[in-house]
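[1] Pasting the sequence and the predicted coordinates here, then a few questions.
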Amino acid sequence: AAQRRRYEHFTIAFSGGEPTLFPNFERILEELYSHKVDVIFTSNGSRNLEFWKKITPHFNHCVWSFHPQFADWKDFYEKARYVSQHCWLNVDFMMTDESFEKNLEYAREIAQLDNVRVDFVPIQKNFGGESEGLIGYSDEQLKILQNVPYKFKEPTGEVLEKRKRFLRFGRGLKFVESIVDGKRVEEILNY
């Protein structure tokens with residue numbers, strides 16, 4: 001139906017839980033990618049390197065979250081290094097108060113890779129319950145959270161070629177046009 005309406009670009013985003021644990025995830029990526037559907041997904045990056053080697057040919061962008069209390073940095077970094085050679089990678093650091101400084105070091109390190117964007121995610125008190133605001137960040141930490149000091153570079157290599165194929169990557173603000181009850185609706189949405 002969307003093709004009859006002359007939509008030219010399709011993006012499907014998977015999130016979770018952990019979408020990479022779905023048994024047919026690789027096959028879904030292959031099928032969508034073969035039909036020039038842009039696929040984006042979030043992951044904690046925990047699957048092994050062999051898994052990432054199998055699926056990176058079938059998407060051009062993913063978002064990984066780094067949870068310092070659960071992830072091994074060296075393992076995470078090595079997988080991120082591989083993925084970033086083949087796909088655009090956002091890395092979101094969960095900025096807990098006990099790992100804030102360590103995450104800054106890790107972010108500085110991973111920001112040196114090509115095709116990586118670093119973001120910091122502030123942590124809420126009582127997350128999942130009634131929000132009580134952010135955990136007790138210092139004024140300096142709040143400044144860092146508001147202005148991530150690591151800038152990403154433009155895509156290179158294979159990732160640049162994928163960008164040409166799909167024209168854009170899926171994270172950030174998007175202009176969306178749709179038909180609702182016979183009327184054209186235009187919106188700017190934040191991924």
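    Structure's in. What do you need? Numbers count the residues shown, from 1 in each chain.
[2] Going by C-alpha atoms from here, please, whenever you check contacts or count neighbours.
    OK.
[3] Quick one: residues in contact with the helix or strand harbouring Lys53.
    In the assignment (DSSP states H and E), Lys53 maps to helix 49-55. For helix 49-55, the surrounding residues in contact (CA atoms under 8 Å, 6 or more residues apart in numbering) are Glu26, Leu29, Glu30, Lys79, Tyr82, Val83.
[4] Who are the contact partners of Tyr150?
    Per CA under 8 Å, 6+ apart, neighbours of Tyr150: Ala107, Arg108, Ala111, Arg117, Val118.
[5] filter these to the buried ones?
    Those of the contacts of Tyr150 that meet the buried threshold are Ala107, Ala111, Arg117, Val118, by 16 or more other CA atoms under 10 Å.
[6] what helix or strand is the first one on?
    Secondary structure assigned from DSSP H and E places Ala107 in helix 100-110.
[7] What residues sit buried inside that helix?
    For helix 100-110, the neighbour count (16+ other CA under 10 Å) marks Phe100, Asn103, Leu104, Tyr106, Ala107, Ile110 as buried.
[8] so where is the chain shaky, pLDDT-wise?
    Within the chain, the stretches with pLDDT under 70 are 1-8, 127-129, 151-153, 163-178, 187-191.
[9] what ranges do the strands span in it?
    Secondary structure of the chain, counting by DSSP state E: strands at 11-14, 38-43, 61-66, 88-95, 116-122, 173-180, 183-190.
[10] Redo those strands as a markdown table? Include distance to Ile55.
    Listed next are these as a markdown table, based on distance: least, CA to CA, whole Å:
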| stretch | distance to Ile55 |
| --- | --- |
| strand 11-14 | 14 |
| strand 38-43 | 11 |
| strand 61-66 | 11 |
| strand 88-95 | 13 |
| strand 116-122 | 18 |
| strand 173-180 | 25 |
| strand 183-190 | 26 |
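[11] Need the residue closest to the centroid of the chain.
    Val63 (1.7 Å; CA atoms, centre = their mean).
[12] Next, the contact list for that one, please.
    Residues in contact with Val63 (CA under 8 Å, 6+ apart) are Ile40, Phe41, Thr42, Ser43, Leu89, Asn90, Val91, Asp92.
[13] run the last query once more with 10 Å
    Neighbouring residues of Val63 by CA atoms under 10 Å, 6 or more residues apart in numbering: 15, 40-45, 88-92, 116-118, 170-171.
[14] From those residues, keep the buried residues only.
    40-45, 88-92, 116-118, 170.
[15] any idea which of those residues is closest to Thr20?
    Ser43 (7.0 Å; CA to CA).
[16] That closest one reaches Phe14, doesn't it?
    Yes: assessed by CA atoms under 10 Å, Ser43 is found in contact with Phe14 at 9.1 Å.
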